[in-house]
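Student: Sequence and predicted structure are below.
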Amino acid sequence: MYLRRHRGLVFVLVTVLASACQSPTESDDALAIDDILVASISPDPAIADVATDGKTYRVARNDLPDDILRYDWKTEFTVNQQFNSQADDDGALTFPVKISSATIKVQQASGGIVTAPTGGEVEHYESVTTATTNTFGAVGSTVSLTFDVWYDLPSLKKEALITVTLVFTDADGLVVTKSLDVKVAP
């Protein structure tokens, strides 16, 4: 009677253990975006100037009116991208491939090294992206994205590291991500 009552549990346990013996997916099966996408940043490093256009951001204050502050710095850079012939090998990607997302993160830096703010301070930033297109029609086609970035850092300096994250989706729905670091000169 004990065995009959727990027969379902034994079956589930044997099934789980048997599935654990299956070989894992080989890491070579994963699509390596760095092998198929050529990307360059111009200028490198990016140059920031004093933001003179009056663009502002809001800092929420508890029990006080919010602060409206002007961004200290503005930089502009272009990311040029092109899929090489390996993107078409063995059906790695199915063209057309679209850029479905382009986001940034700005971090304060010193000597090219990210220096995290202390005491609860944060970096403030926003960007506007302009694109020639969002679609790679075939291997060898180029897409350029220009980023205008306004930022204010707790260090009050202009040196920063901007991480650009691009998400690509091919015609079959395969999604791949590429991150690029853009250094902003001191």
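Tutor: Happy to help now that I have it. Residues are numbered from 1 along each chain as shown.

Student: check contacts around Ala48.
Tutor: Contact analysis of Ala48 by CB atoms under 8 Å, 6 or more residues apart in numbering lists 73-75, 151, 158, 160, 184-185. C-beta: built from backbone N, CA, C; applies to glycine.

Student: ok, what's across the strand from it?
Tutor: Legend: beta-bridge partners of Ala48 under DSSP bridges are Thr75.

Student: just to revisit the earlier point, which one of the contacts of Ala48 sits in the busiest neighbourhood?
Tutor: Ala160 (28 neighbours; other CB atoms under 10 Å).

Student: what's the closest non-adjacent residue to that residue?
Tutor: Distances taken as CB to CB, 6 or more residues apart in numbering put Val184 closest to Ala160, at 4.2 Å, once the chain neighbours are dropped.

Student: quick one, what contacts the one you found?
Tutor: Per CB under 8 Å, 6+ apart, neighbours of Val184: 45-48, 73, 75, 109, 158-162.

Student: Any chance of those in CSV with secondary structure, pLDDT and distance to Thr169 as columns?
Tutor: Listed next are these as CSV, based on DSSP: H, G, I helix; E, B strand; the rest coil; pLDDT from 0 to 100; distance: CB to CB, whole Å:
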residue, secondary structure, pLDDT, distance to Thr169
Pro45, coil, 97, 30
Ala46, strand, 98, 27
Ile47, coil, 98, 32
Ala48, strand, 97, 32
Trp73, strand, 98, 33
Thr75, strand, 98, 28
Ala109, strand, 96, 31
Lys158, coil, 96, 35
Glu159, coil, 97, 34
Ala160, strand, 98, 29
Leu161, strand, 97, 27
Ile162, strand, 98, 23
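
Student: Can you pull out the low-pLDDT segments for this protein?
Tutor: Scanning the chain with the threshold set as pLDDT under 70 gives 1-30.

Student: let's see it at 90
Tutor: Confidence mapping of the chain against pLDDT under 90 gives the ranges 1-32, 60-63, 88-92, 111-112, 118-120, 132.

Student: now the strands for it?
Tutor: 37-42, 48-50, 56-59, 67-70, 73-83, 97-110, 113-114, 124-131, 135-136, 142-152, 160-169, 175-184 (DSSP state E).

Student: Please report how far the residue sitting nearest the centre point of the chain lies from Leu64.
Tutor: What sits nearest the mean C-alpha location of the chain, by CA atoms, centre = their mean, is Thr165, with 1.7 Å. Between Thr165 and Leu64 the distance is 34 Å, computed by CB to CB, to the nearest Å.

Student: Is Glu129 in contact with Ser144, as I believe?
Tutor: For the record, residue 129 is Thr, not Glu. No: assessed by CB atoms under 8 Å, Thr129 is found out of contact with Ser144, at 10.6 Å.
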